[in-house]
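S.K.: 3D, please:
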Amino acid sequence: MNYILFGDSTRNNLLPFTFLRPLADIRVGILTIRQKWEKYLGASTSTLTEPYLSQKYPLVKEDDNILLNASYFPNPDLVREIGMLQPNQALVQGEVIIALRLKAENLENMDLESPEGLLPLETAANAVKINNLWDIVTLNEKAIADDFTLITRGRKSQPLGEHVRVKNPANVFVEEGASIEMAFINASTGPVYIGKDAQVMDGAMLRGPVALCEGATIRMGAKVYEGSTIGPFSKVGGEMMQSVIMGYSNKAHDGFMGHSVIGEWCNLGADTNTSNLKNNYEPIRLWNYSVNSFVSTGMQFCGTFMGDHSKCGINTMFNAGTVIGVNAQIFGSGFMRNFIPSFTWGSVSGFSTVDISKAITVAQRVYARRHLQFSQQDEQILRYVFDQTLSFRRM
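M.R.: The predicted structure follows:
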């Protein structure tokens, strides 16, 4: 069977993180949504996504295809129901399509938001769907635990070492090549996953559920609380609580980050702090690209959501409920505005537009530091998003 992941209208609610990637490649828990589906299915997937992303994430069609809504997380019951679909049947949750089975000739002109000619079958599974930016935060703690079970089932952890202080070591899994120095790990509150070639330095304190992905580093004396994911090849210091770093980003120094999501290729300067609570304890509002205004999250705790390639200088202070676009460059004293558009450069005194050619040069440099190549496809995507976000810079 050929599996294709598609994004529904939820994609726009998940901007800025879906500017440079399909919805399927957002990380929640240990794994991205795509990785979750591929592990459950035991098969690779391709992507039906926005035209400007399709060259980097090409669609693969075969005679018989199952399309999967990437805003849903897989689970055994859901996968079992999907496996029973017949051609021209759709698995739904109310009005929302979870999966559908189509022949290649019927795939071309199918409207996935309101398809016609399909037999809808209501799911009986407990289907979890991501709908908003803040869901990445609220769903992350359970997603770590679910991914931990999925990844480690039937496998044996590498030894922790006698110099590591651990509570409930059976709930800690260490991959090959990982290094844990004189650290403190409390896994009684949830699992702790230490990925391949990851490093936990001296004096670091981890309280599960926590995920440290491949090649990532927790620096000396850092405090990482439950519900936190440190994505591949990222560095974390200071204090981190109920937050997700998607990958290749650094919060390497002291400072607090809570109930926040950081994209890829970001850098937070030393002593950057993200407020996650209003003084009046009211629910926090967050910028939403779908409606071009702020919406209530219903959450009392909500931090900063920083798009890919964005960076901030030392001592930066972010208000509770801040959304930062792609490739924003932020510096200076005082609390920043709580919506910073993509490709802007500045501080509380004002912002100007980033030079796109300079932004590409910087991206090439940061990729090279990780022995990766910023491709022509990456450049085209970045230039497209630069053009498409112009209206926000004029606000």
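S.K.: what stretches of this structure score poorly on pLDDT?
M.R.: 108-109, 114 (pLDDT under 70).
S.K.: most distant residue from the centre of it?
M.R.: When distances are taken from the C-alpha mean of the chain, G117 lies farthest, 34.5 Å away, according to Cα atoms, centre = their mean.
S.K.: so who does the residue nearest to it when sequence neighbours are not counted touch?
M.R.: If the residues on either side of it in the chain are set aside, G117 comes closest to N88, at 6.5 Å by Cβ to Cβ, 6 or more residues apart in numbering. Every residue, glycine included, has its C-beta placed from N, CA and C. When contacts are counted by Cβ atoms under 8 Å, 6 or more residues apart in numbering, N88 touches 101-102, 106, 117-119.
S.K.: let's see it at 10 Å
M.R.: By Cβ atoms under 10 Å, 6 or more residues apart in numbering, N88 lies in contact with 100-103, 106, 115, 117-119.
S.K.: how close does it sit to L5?
M.R.: With distances taken as Cβ to Cβ, to the nearest Å, N88 is found 20 Å from L5.
S.K.: so what strands line up beside the strand ranked longest in the chain?
M.R.: Scanning the chain for the strand with the most residues, using DSSP state E, yields strand 96-103. Looking at strand 96-103 with DSSP bridges, its partner strands are strand 64-69 (antiparallel), strand 89-93 (antiparallel).
S.K.: in that strand, what counts as buried?
M.R.: Under the neighbour-count criterion of 16 or more other Cβ atoms under 10 Å, strand 96-103 has 96-102 buried.
S.K.: got it, and stretch 367-383?
M.R.: 367, 374, 378-379, 381-382.
S.K.: and what of stretch 354-371?
M.R.: Buried, per 16+ other Cβ under 10 Å, within stretch 354-371: 354, 356, 359-360, 362-363, 366-367.
S.K.: determine which two of those residues are furthest apart.
M.R.: V354 and Y367 (17.4 Å; Cβ to Cβ).
S.K.: now the helices for the stretch 151-300 of the chain?
M.R.: Here the stretch 151-300 of the chain has no helices by DSSP state H, counting those that start in this stretch.
S.K.: mean neighbour count, the strands paired with strand 96-103: which tops it?
M.R.: strand 64-69 (a mean of 21; mean count of other Cβ atoms under 10 Å).
S.K.: chain center to that one, what's the gap?
M.R.: The chain centroid and the centroid of strand 64-69 are separated by 23 Å under Cα atoms, centre = their mean, to the nearest Å.
S.K.: quick one: secondary structure of K56?
M.R.: With DSSP: H, G, I helix; E, B strand; the rest coil as the basis, K56 sits in coil.
S.K.: does it touch L382 like I think?
M.R.: No. Contact criterion Cβ atoms under 10 Å: K56 and L382 do not qualify, at 11.2 Å.
S.K.: hey, what's in contact with both of these two?
M.R.: Common neighbours of K56 and L382 (Cβ under 10 Å, 6+ apart) are L20.
S.K.: nearest spatial neighbour of L78, skipping sequence neighbours?
M.R.: Closest to L78 by Cβ to Cβ, 6+ apart is A125, at 4.3 Å.
S.K.: thought the one you found was touching M84?
M.R.: No. A125 is beyond contact range of M84, at 11.6 Å (criterion: Cβ under 10 Å).
S.K.: what's the overlap in contacts for these two?
M.R.: L91.
S.K.: neighbour count winner among the two?
M.R.: A125 (18 against 10; other Cβ atoms under 10 Å).
S.K.: before we move on, back to that, need the contacts of N88 in CSV with distance to F335, can you?
M.R.: As requested, these are arranged in CSV below (distance: Cβ to Cβ, whole Å):
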residue, distance to F335
L100, 46
R101, 51
L102, 50
K103, 55
N106, 53
P115, 46
G117, 53
L118, 50
L119, 54
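S.K.: now for those: which two are most distant?
M.R.: K103 and L119 (14.3 Å).
S.K.: can you confirm K39 is in a helix?
M.R.: Yes. K39: assigned to a helix according to three-state DSSP.
S.K.: just give me the neighbour total for it.
M.R.: 14.
S.K.: quick one: contacts for it?
M.R.: By Cβ under 10 Å, 6+ apart, the neighbours of K39 are 31, 74, 147, 150-151.
S.K.: now do the SS call for R383.
M.R.: R383 - assigned by three-state DSSP - is helix.
S.K.: just checking, it touches I360?
M.R.: Yes. R383 lies in contact with I360 (Cβ under 10 Å); the separation is 7.7 Å.
S.K.: export the buried residues of strand 96-103 to CSV and tack on distance to H259?
M.R.: Putting those into CSV (distance: Cβ to Cβ, whole Å) gives the following:
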residue, distance to H259
V96, 26
I97, 31
I98, 28
A99, 31
L100, 35
R101, 38
L102, 39
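S.K.: what about N106, which helix or strand?
M.R.: Per DSSP states H and E: N106 is located in helix 104-107.
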